[in-house]
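Undergrad: okay, predicted coordinates and the sequence, questions at the end:
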Amino acid sequence: MSIPKTLTVDQCRLLLVELMRSDGTEKQMTRGSRNNAMALIMLETGVRVGELCGLRVDDLWFAEQPVEFLVVRAEIAKNKKERRIPISRILSETITYIEAILWSPKKANSGSYAFFTNDPSRALTTRTVERIILDAGIKAFNIDVTPHTLRHTFGTKMMRKTNARVVQALLGHSKLTSTQIYMHPNSDDLRKAIDS
């Protein structure tokens with residue numbers, strides 16, 4: 001079993017900053033904010049890139065406020081099983097910001113895709129999101145970063161905070177064996193073991 005590639009806290013921060021970069025035009029700033037929000041959603045919820053692309057506005061913004069739980073609908077979930085993921089404070093703030101600068105100005109309604117190019121009725125493709133994340137990783141710290149790297153980073157972070165069954169539910173794994181790849185020790189874990 002190979003250890004999944006993950007990002008450090010500093011690498012996550014650098015990636016998010018790079019995704020937010022723009023040349024200063026309003027369109028570029030909106031695109032940067034959208035790209036930053038997509039990566040933050042993957043880092044804070046562990047959704048797969050296909051699930052991210054399938055999200056609708058009302059999956060994130062409902063009744064004029066950010067949702068408390070991201071519900072990955074069965075029709076976009078890889079294993080066709082719905083799951084609920086709590087939304088963190090930072091993600092809630094990001095959703096509020098994205099609603100104001102992306103969804104409202106583009107007249108994106110509740111059924112519109114959350115992440116789109118110019119037309120809210122057409123979702124970004126997984127290939128486009130992969131390219132956005134890869135380009136940002138190269139520019140930020142010269143490492144190939146994929147959306148799955150962000151999912152692995154979330155899974156590994158959660159495994160240090162809770163048990164494997166909870167991580168399994170958050171990631172939508174049908175088998176616990178799929179979740180066990182996140183049980184690998186990192187250098188901090190090894191140092192704590194030796195120091196104690």
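TA: Received the coordinates, thanks. Numbers count the residues shown, from 1 in each chain.

Undergrad: what's stretch 142-157 in contact with?
TA: Residues from elsewhere that reach stretch 142-157 (Cβ atoms under 8 Å, 6 or more residues apart in numbering): 4-7, 11-12, 15, 39, 42-49, 52, 126, 129-130, 133-134, 136-138, 167, 170-171, 179, 181-182, 184, 186. In this view, the C-beta of every residue, glycine as well, is placed from N, C-alpha and C.

Undergrad: what is the burial count for residue 27?
TA: By other Cβ atoms under 10 Å, the residues close to residue 27 number 10.

Undergrad: the residue most central in space within the chain and residue 148: what is the separation?
TA: Nearest to the mean C-alpha position of the chain, by Cα atoms, centre = their mean, lies residue 42 at 0.9 Å. According to Cβ to Cβ, to the nearest Å, residue 42 stands 9 Å off from residue 148.

Undergrad: shared neighbours, those two?
TA: What both residue 42 and residue 148 touch, as defined by Cβ under 8 Å, 6+ apart, is the set residue 49.

Undergrad: SS state for residue 107?
TA: Under DSSP: H, G, I helix; E, B strand; the rest coil, the three-state class of residue 107 is coil.

Undergrad: got a list of what the residue nearest to it when sequence neighbours are not counted touches?
TA: Closest residue in space to residue 107, ignoring its immediate chain neighbours: residue 120 at 7.2 Å, by Cβ to Cβ, 6 or more residues apart in numbering. Contacts of residue 120 were listed using Cβ under 8 Å, 6+ apart, and they are 57, 103, 106, 107, 108, 109, 112, 113.

Undergrad: pretty sure the first one is touching residue 111, no?
TA: Just to be clear, that refers to residue 57. Yes. Here residue 57 reaches residue 111: they are 7.4 Å apart, a contact under Cβ atoms under 8 Å.

Undergrad: between those two, point out the one with more neighbours.
TA: A direct count of neighbours by other Cβ under 10 Å for residue 57 and residue 111 places residue 57 higher, at 24 against 10.

Undergrad: just the CA coordinates for the helix ranked longest in the chain, please, in CSV.
TA: Ordering each helix of the chain by length in residues (DSSP state H) puts helix 26-45 first. Provided in CSV are the C-alpha atoms of helix 26-45 (Å, rounded to 0.1, in the frame of the first residue of the first chain):
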residue,chain,number,x,y,z
GLU,A,26,-12.5,42.2,-12.5
LYS,A,27,-12.9,39.1,-14.6
GLN,A,28,-9.5,37.7,-13.5
MET,A,29,-10.2,38.5,-9.8
THR,A,30,-13.6,36.7,-10.1
ARG,A,31,-11.9,33.7,-11.7
GLY,A,32,-9.1,33.7,-9.1
SER,A,33,-11.7,33.7,-6.3
ARG,A,34,-13.6,30.9,-8.0
ASN,A,35,-10.5,28.8,-8.3
ASN,A,36,-9.5,29.5,-4.7
ALA,A,37,-13.0,28.5,-3.5
MET,A,38,-12.9,25.2,-5.5
ALA,A,39,-9.6,24.2,-3.9
LEU,A,40,-10.7,25.2,-0.5
ILE,A,41,-13.9,23.1,-0.8
MET,A,42,-11.7,20.1,-1.8
LEU,A,43,-9.3,20.7,1.1
GLU,A,44,-12.1,21.3,3.7
THR,A,45,-14.6,18.6,2.6
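
Undergrad: many thanks, we can stop here.
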